[in-house]
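# below is the structure, and that's it, no one-letter string:
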């Protein structure tokens, strides 16, 4: 009987020791995790209910190496007081805690340690950035053809860290709440007007701040967006890299060789044409058939690809070529000339081209290809009546 009682006391003693996480350790754990679940990919706030937003402690302290012999991820560490050190603890939500300790899953201690390290390093990067490196994240999504493509808040936030960090928890979203497609009548003026009104709601608020701009939309609307958030603002125009979830620049050097190819006019009185042929190329015959007999200025590259813009230097190279082309046209034709614009380019190029188009430039009419009829038609006009 005495022997059995001793065993009961021994078990109770082990259990109590394993649960004795010091208040100071718990406070540090809250600090390094920023109160966000540390399981990779989970963004649950541990201090607020996701539905009611009531302030409540929803955190659970999970051991990486088990504190009991029968637990998952057993280790000799359980015989040490270090079992409850911050290095062996993760602050996570209830669901993730049950997930990693379930008999149906197999999360190793190494995997959890890697999650903890990545999460806490990301938090450390954010909190050590100087306040003047805040950036207002602006997102614009619009249907392309019959496809709805959306940029997630998380993807945008991740892209700017550690060079900048989000100025607010929820990014500014200029996206329309309209069920319209670019094949419908009056699509372009309706969408352009809606975008203007959306921008005016926030313009005063972020006028003097750094802006990180993320957009996926038909090319004419991207140009329009660029004219609104123009050179008067401090803007970093971003480009997706391989997927809609990755907006970090791949490198810091110029990788694309950009040039302007000239096709002589068949009629010197015809309007000049500028094409961005970076994602794909059009044939000379198609250009002549669709856009007339004027001089064609083709801003292009030897190797066209949706992923041609890999760095901000690539983007700058394209826009420099565009500005040089506009200046050439102004010298040859004067400011009263009307230009036809045909963009087949990554989103960042069309936005930045819109940003760099000045009031003194000629009138530019942007064309778009209808995804149903496959025909090119006028969409929006810049520096003129829209």
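Right, received. Where do you want to start? Note that the structure is a prediction, hence the values are computed from the model and not measured.

# what segments of the stretch 101-250 of the chain are strands?
Using DSSP state E, counting those that start in this stretch, the strands of the stretch 101-250 of the chain run over 134-141, 165-166, 172-173, 210-216, 234-237.

# could I get these as TSV with distance to residue 247 and mean neighbour count?
Quick note: C-beta positions are derived from backbone N, CA and C, even for glycine. Output for these, formatted as TSV (distance: least, Cβ to Cβ, whole Å; neighbours: other Cβ atoms under 10 Å):
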stretch	distance to residue 247	mean neighbour count
strand 134-141	10	22
strand 165-166	13	19
strand 172-173	15	19
strand 210-216	6	23
strand 234-237	10	19
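
# ok, which of those comes nearest residue 328?
With distances scored as Cβ to Cβ, the stretch of the strands of the stretch 101-250 of the chain nearest to residue 328 is strand 234-237 (24.0 Å).

# hang on, residue 168 packs against residue 136?
Yes: using Cβ atoms under 8 Å, residue 168 is in contact with residue 136, at 7.2 Å.

# got the domain boundaries for this structure?
Residue ranges for the domains of the chain, per automatic domain parsing: 2-127, 131-237, 258-382.

# okay if I get those domains as TSV plus mean pLDDT and distance to residue 250?
Below are the domains of the chain laid out as TSV (pLDDT from 0 to 100; distance: least, Cβ to Cβ, whole Å):
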stretch	mean pLDDT	distance to residue 250
domain 2-127	83	20
domain 131-237	90	12
domain 258-382	93	4
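
# so residue 290 makes contact with residue 376?
Yes: in this structure residue 290 lies within contact range of residue 376 using Cβ under 8 Å: 4.7 Å.

# what sits in contact with each of those two?
Jointly contacting residue 290 and residue 376 under the rule Cβ atoms under 8 Å, 6 or more residues apart in numbering are residue 367.

# tell me which element the closest residue to residue 75 other than its chain neighbours is part of?
Distance criterion Cβ to Cβ, 6 or more residues apart in numbering; nearest residue to residue 75, sequence neighbours excluded, is residue 65 at 3.9 Å. Using DSSP states H and E, residue 65 maps to neither a helix nor a strand.

# neighbours around residue 65, how many?
The number of residues packed near residue 65 is 21, by other Cβ atoms under 10 Å.

# and residue 298, backbone torsions?
When read as degrees, to the nearest 10, the backbone of residue 298 gives phi -100, psi 110.

# again, but for residue 292
Dihedral angles for residue 292 - degrees, to the nearest 10 - are phi 100, psi -170.

# which residues does the residue lying closest to it once chain neighbours are set aside contact?
Nearest residue to residue 292, sequence neighbours excluded (Cβ to Cβ, 6+ apart): residue 270, at 5.0 Å. Counting by Cβ under 8 Å, 6+ apart, residue 270 touches 292, 293, 294.

# now do the contacts for the residue nearest the centre of the chain.
For the chain, residue 156 is the residue whose C-alpha lies nearest the centre (Cα atoms, centre = their mean; 3.0 Å). By Cβ under 8 Å, 6+ apart, residue 156 lies in contact with 137, 139, 171, 212, 214, 238, 247.

# want to throw the residues you listed into JSON lines with distance to residue 42?
Listed next are these as JSON lines, based on distance: Cβ to Cβ, whole Å:
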{"residue": "137", "distance to residue 42": "21"}
{"residue": "139", "distance to residue 42": "22"}
{"residue": "171", "distance to residue 42": "20"}
{"residue": "212", "distance to residue 42": "24"}
{"residue": "214", "distance to residue 42": "23"}
{"residue": "238", "distance to residue 42": "25"}
{"residue": "247", "distance to residue 42": "21"}
